[in-house]
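*Asks:* Test case, fold it:
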Amino acid sequence: MPAHGDLVEIRLGPQRAWMVCHPELVHRMLKDTRTFDKGGPQYDRLRLLMGDGVVTCRHAEHRRQRRLLQPDFRPSRVADHTEWMGEEAEAVCRDWRPGQRVDVSAATMAFTTGVVSRVLFSDSMDAATSTEVRHSLAAIVRGLFVRTVVPVEALFRVPTPANRRYRRAVDSVHAIIDAAIAERRRGTPRDDLLGTLLEATRDDGSAGAITEQEVHDHLVSLLLTGSESPSMALASAFSLLAEHPETERRLHAEVDAVLAGGRRPGPDDLPRLVHTRAVVMETLRHSPPGWLFTRVTTRETEFAGRRLPQGATVLYSPYLMHHDPASFPDPGRFDPGRWLPGGSADEQHGATIPFAAGSRKCIGDVLSMAEMTVALATVAGRWRLRHLPGPVEQPRPGATLGPRSLVMICEPRTSPTTAPRTHIPNGR
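*Replies:* Modelled structure (predicted):
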């Protein structure tokens, strides 16, 4: 598309849309949220799924919602979560055995679901609920993408097996959230995001008060986005490391040095895991889970020399930005060295937008970077993951991008200080 210009007109089914193909234009669009609001086929579908939470709400509501939620995602709060992030990461690989075939996609989803459920509800979801969330998300992601690129509502009212699966998955997620809210109301208050939201419903008559529906919508939004995207990124990272043994070796050397004895990372260790973080950043550049997004113009506007009407759908793609050779030489090459001090990516932060930019930048960006770094370091300190014999299946784009059924073989690390610990199942 960039060969056709900085702003390229395309078709989405019966609708016209415009794809933004230059980093400066993408940032201009993302910073002007009054003109380029969250909307278009993608967010129209997401609102049906998530309601009007912080992820999907319009510009007019965003500042109020963001101010309510932001304290639970500030860096100091994320640092307090580091220890139990390590516990969640350790739990998903604790029962692996040498030579075992491991469903890495399921493991990363179990980890991210555990992390986000602790942020939202204080407790990690039990195994049955976590599995239900994972299966529901798989159906939702498949159904959401086709609903975005084929925005013809009548097609999705037909009771086909795929449409029924999507509806059941959506209903399941909403039921899980409703049950969590009901349980909390019967129990004692807690210092977590649900507690923040419920407290805000009691601010009767104040400007900060929120409705019961907003509580529900925020939790659905954050559970879905907080589980799916970091899970996809972690699965991609393990797959890419297996294809790049020298990068993997450097990662293992750093983890062994910083986390000697196989201990879990603490908040003070994260700044020292420089190469581990670089692997995460390069994975987000190379294989960004959020690869395509839409906006809608709220008024007629001139943009990149074109006159866009009110209500125009405008798209941007982090994948396109991250694979532009003008910003990243040899963009198809997986090279975490780009992100090390003095690396070539130091000057290209504007072209790297895995969490968007501007006032609508992902509220969980700091949390996501911390949890992915912790998970990568924790698993890599204990296990080496290998691809099965044969060609490696390439990730297929859906609502997110990443491997959805990645199975790998786990091998114990040879270092005696990082060997997997003996474990007696505790029924968790």
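*Asks:* and the helix or strand harbouring Glu248, what does it pack onto?
*Replies:* Counting by DSSP states H and E, the element that carries Glu248 is helix 245-258. Other helices and strands packing on helix 245-258, by 3 or more CB pairs under 8 Å, 6 or more residues apart in numbering; DSSP states H and E, are helix 212-243, helix 274-286, helix 365-380. All C-beta atoms are positioned from the backbone trio N, CA, C, and that covers glycine.
*Asks:* got the contact list for the residue nearest the centre of the chain?
*Replies:* In the chain, the residue lying closest to the centroid (CA atoms, centre = their mean) is Ser229, at 2.2 Å. Taking CB atoms under 8 Å, 6 or more residues apart in numbering, we find Ser229 in contact with 289-290, 368, 400.
*Asks:* So it versus Pro267, what's the distance?
*Replies:* 23 Å (CB to CB, to the nearest Å).
*Asks:* ok, now Val274?
*Replies:* Distance of Val274 to Pro267, computed by CB to CB: 15 Å.
*Asks:* As JSON lines, the helices and strands packed on helix 245-258 with distance to Met50 and mean pLDDT would be great.
*Replies:* Formatted as JSON lines, those follow (distance: least, CB to CB, whole Å; pLDDT from 0 to 100):
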{"stretch": "helix 212-243", "distance to Met50": "4", "mean pLDDT": "94"}
{"stretch": "helix 274-286", "distance to Met50": "23", "mean pLDDT": "97"}
{"stretch": "helix 365-380", "distance to Met50": "18", "mean pLDDT": "97"}
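*Asks:* Can you check which of these gets nearest to Asp192?
*Replies:* Among these, the nearest to Asp192 by CB to CB is helix 212-243 (10.8 Å).
*Asks:* returning to what we had before: any idea which of the contacts of Ser229 is the one closest to Thr188?
*Replies:* So of those, ranked by how close each gets to Thr188 (CB to CB), first place is Ser368, at 29.3 Å.
*Asks:* Could you pull out the buried residues of stretch 59-67?
*Replies:* By neighbour count with 16 or more other CB atoms under 10 Å, stretch 59-67 contains the buried residues 59, 62, 65-66.
*Asks:* Give me the contacts around it.
*Replies:* 33-34, 37-38, 52-54, 57, 207-208, 214, 218, 298, 359-360, 363.
*Asks:* which two from these end up farthest apart in space?
*Replies:* The widest separation within the contacts of stretch 59-67 (CB to CB) is 25.4 Å, between Gly208 and Thr298.
*Asks:* out of the two, which sits in the more crowded spot?
*Replies:* Just comparing Gly208 and Thr298: by other CB atoms under 10 Å the higher neighbour count belongs to Thr298, 19 against 10.
*Asks:* tell me the contacts of the more buried one?
*Replies:* 34-37, 59, 310.
*Asks:* again, only using 6 Å
*Replies:* Applying CB atoms under 6 Å, 6 or more residues apart in numbering to Thr298 gives the contacts 35, 37.
*Asks:* Give me the phi and psi for it.
*Replies:* Main-chain torsions, Thr298, degrees, to the nearest 10: phi -90, psi -10.
*Asks:* for the nearest residue to Gln100 once chain neighbours are set aside, helix, strand, or coil?
*Replies:* Nearest non-adjacent residue to Gln100, counting by CB to CB, 6 or more residues apart in numbering: Cys410, 5.5 Å away. Under DSSP: H, G, I helix; E, B strand; the rest coil, the three-state class of Cys410 is strand.
*Asks:* surely Cys410 meets Trp383?
*Replies:* Yes - using CB atoms under 6 Å, Cys410 is in contact with Trp383, at 4.8 Å.
*Asks:* Tell me where the stretch 251-400 of the chain is predicted with low confidence.
*Replies:* Residues of the stretch 251-400 of the chain that meet the criterion pLDDT under 70 lie in 346-349.
*Asks:* where along it do the strands fall?
*Replies:* Ranges of strands within the stretch 251-400 of the chain are 293-297, 301-303, 306-308, 313-316, 383-387, 396-397, based on DSSP state E, counting those that start in this stretch.
*Asks:* Make JSON lines from those strands and add mean neighbour count to it.
*Replies:* Formatted as JSON lines, those follow (neighbours: other CB atoms under 10 Å):
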{"stretch": "strand 293-297", "mean neighbour count": "22"}
{"stretch": "strand 301-303", "mean neighbour count": "15"}
{"stretch": "strand 306-308", "mean neighbour count": "14"}
{"stretch": "strand 313-316", "mean neighbour count": "23"}
{"stretch": "strand 383-387", "mean neighbour count": "19"}
{"stretch": "strand 396-397", "mean neighbour count": "12"}
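*Asks:* among those strands, which is nearest Leu222?
*Replies:* Of the strands of the stretch 251-400 of the chain, the one closest to Leu222 (CB to CB) turns out to be strand 293-297, at 17.6 Å.
*Asks:* tell me what the closest one is packed against?
*Replies:* helix 40-50, strand 313-316 (3 or more CB pairs under 6 Å, 6 or more residues apart in numbering; DSSP states H and E).
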